[in-house]
Every structure is written in C-alpha cells, then in structure tokens.
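S.K.: Provided below are the primary sequence and the corresponding predicted coordinates.
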Amino acid sequence: MLEKLKQDVCKANLDLVKYGLVIFTWGNVSAIDRESGLVVIKPSGVEYDNMTDDQMVVLDLEGNIVEGNLRPSSDTPTHLELYKAFPEIGGIVHTHSTYATAWSQAGMDLPIVGTTHADYFAGDIPCTRDMTEKEVTGGAYEKETGTVIIEKFAEINPMHIPGVLVKNHAPFTWGKDAHDAVHNSVVLEQIAKMAFVAQSVNPNMSMNPLLTTKHFERKHGANAYYGQK
Ligand SMILES: O=C(CO)[C@@H](O)[C@@H](O)COP(=O)(O)O
C-alpha cells in the first residue's frame, strides 16, 4: 500500500542523515496521501543505517495503524495535528539539528536578517509558548505539541513560514511533500546558524521588510521568476 510514498518517506528520512541534521534516531519525516487521508511515517527509535521502505508505518489521521509491524514515530500525534490543521502541506520533518534546536532552547523566534532566510520563510520563524502542566502530563503530550504549534499559526500562513521552533524542544518544518519539508529543514538549520553568527557581531541587527517581500515573492509569489519555467 502507498509503495511510492513509503519509498519517498524512507528516502527523506535518510536525507536527514545525508544533510547532517540528525544523529542516532533524533528525527522523523512523514508524508500524507491527501486522496486517501493516509499518513506514512518512519518507525520509532529505529537506526537510520538499517531503515527500509517496508518499515514505514501507514496510519489514518486519527492515529489508527492501517499497515506496518513497527510502532510509529513517537511524534506521530504532532504530525497528525499539523496535517489536520494545515490542508496545504504534504510532508513534515522534525529534527534536533544543532542551531535550530539552540534557538528553540533559547525560547526565541528566529529573526529574519538575510535574503537566504527570505527566499524560503517570509518572516521570523516563531517559537512556541511554554506548555501547561496538563499539556505535558495529561496523556497527550505529542498531540498538545501540535496544538501549541497550530495556536502560533493562528495569524501566520503556514505556507509563508513553513517551520516552527518548539520551545525547549526542537524545530518542525513542512512543505508540499516530504522532499520539500526536508529542504526547508536544511535551510532552517543554515539560517539559524547564520543568524547566530550575525547576532554575535551585531546584537541590533535588522532587515528591510521590502527586501524580505522581494525575495520571498520572487521565488513563491504569483509572479515568481526565480529558476526555470
Ligand atoms: O524529539 C524527540 C526526542 O526528544 C524525538 O523526536 C526523536 O527522538 C525521534 O523519535 P522517533 O524515533 O521518531 O520516535
């Protein structure tokens, strides 16, 4: 079932290793088939070295396992909440990549201070609020992680800012498919690193909003002209 999607999701997970975004089992990628409403995600705690397509787990949006012998990623409920809230997205990535995670741990939005950032994210990348005791200990921690992310995007278009920093935890990114979500995760790590260095040089750094709009629009706007037709 969903063989092509399982291949794509497995490859996307392995790409996290290729791009240096995960060590051990510290991350996960999923993708959704919107027609059937089924989600494919990597199994929990399985080393990337040994990961194969047929280990991918297929679930419905309520978290019922439809196919697979292994337990799905522990972060599956977060992914499911995001798929339900953001109908335009087709893939999700979670990593503990160093610089993006450091900003998450600092509890700070990642400020937009360069065109590299604006080419992919049309503004600051928000950091979520502290989770309440009930959200952490009430039995639905991973689902509630999704809730605090969605809350943060009440007034943000998730296709304009395809990522978030979960406070004291780590980043999630998304995209039109698993590959696109991985791409955004790689970019997020790089811009988090660049912003860290820039801030150490100038703590009062800023960016002209016109430049932000120009760079985001030329790649993603209605009249985008970056790249080939
Ligand atoms: O966030 C964490 C751990 O803090 C998890 O995302 C990470 O270890 C990956 O877990 P899974 O192997 O996907 O269950």
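M.R.: Nice, I can see it. Numbering: from 1, shown residues only.
S.K.: When you work out contacts or count neighbours from here on, use the C-alpha atoms and nothing else.
M.R.: Noted.
S.K.: Can you give me the neighbour number for P203?
M.R.: If you count neighbours by other CA atoms under 10 Å, P203 ends up with 10.
S.K.: any idea of the mean pLDDT in stretch 91-102?
M.R.: Average pLDDT, stretch 91-102: 98.
S.K.: Sorry, slip of the keys, the one I care about is stretch 5-24.
M.R.: Mean predicted confidence for stretch 5-24 is 98.
S.K.: Show me the residue at the heart of this protein, geometrically.
M.R.: T173 (1.5 Å; CA atoms, centre = their mean).
S.K.: Need the single longest strand in this structure, by residues.
M.R.: Longest strand in the chain, counting residues (DSSP state E): strand 27-33.
S.K.: and that strand, what other elements does it pack with?
M.R.: If contacts are counted by 3 or more CA pairs under 8 Å, 6 or more residues apart in numbering; DSSP states H and E, strand 27-33 sits against helix 3-18, strand 38-41, strand 91-95, helix 178-201.
S.K.: Next, the angle helix 3-18 makes with it.
M.R.: 160 degrees (axes from the mean of the first three to the mean of the last three CA atoms, to 10 degrees).
S.K.: From the chain's centroid, how far away is strand 27-33?
M.R.: 10 Å (CA atoms, centre = their mean, to the nearest Å).
S.K.: what angle do that strand and strand 91-95 make?
M.R.: Using the same axes, to 10 degrees, the direction of strand 27-33 lies 170 degrees away from that of strand 91-95.
S.K.: can you give me the strands in this protein?
M.R.: Under DSSP E, the chain gives strands at 27-33, 38-41, 57-60, 65-67, 91-95, 163-165, 171-175.
S.K.: Within range of the ligand, give me the residues from the chain.
M.R.: For the chain, the residues in contact with the ligand (CA under 6 Å from any ligand atom) are T25, W26, G27, N28, S44, G45, S73, S74, D75.
S.K.: What are the buried residues along stretch 216-224?
M.R.: Buried residues in stretch 216-224, counted by 16 or more other CA atoms under 10 Å: F216, E217, K219, H220.
S.K.: Can you name the residues that contact the closest residue to C10 other than its chain neighbours?
M.R.: Residue nearest to C10 in three dimensions, not counting chain neighbours: D53, with 5.4 Å by CA to CA, 6 or more residues apart in numbering. Contacts of D53 were listed using CA atoms under 8 Å, 6 or more residues apart in numbering, and they are K6, Q7, V9, C10.
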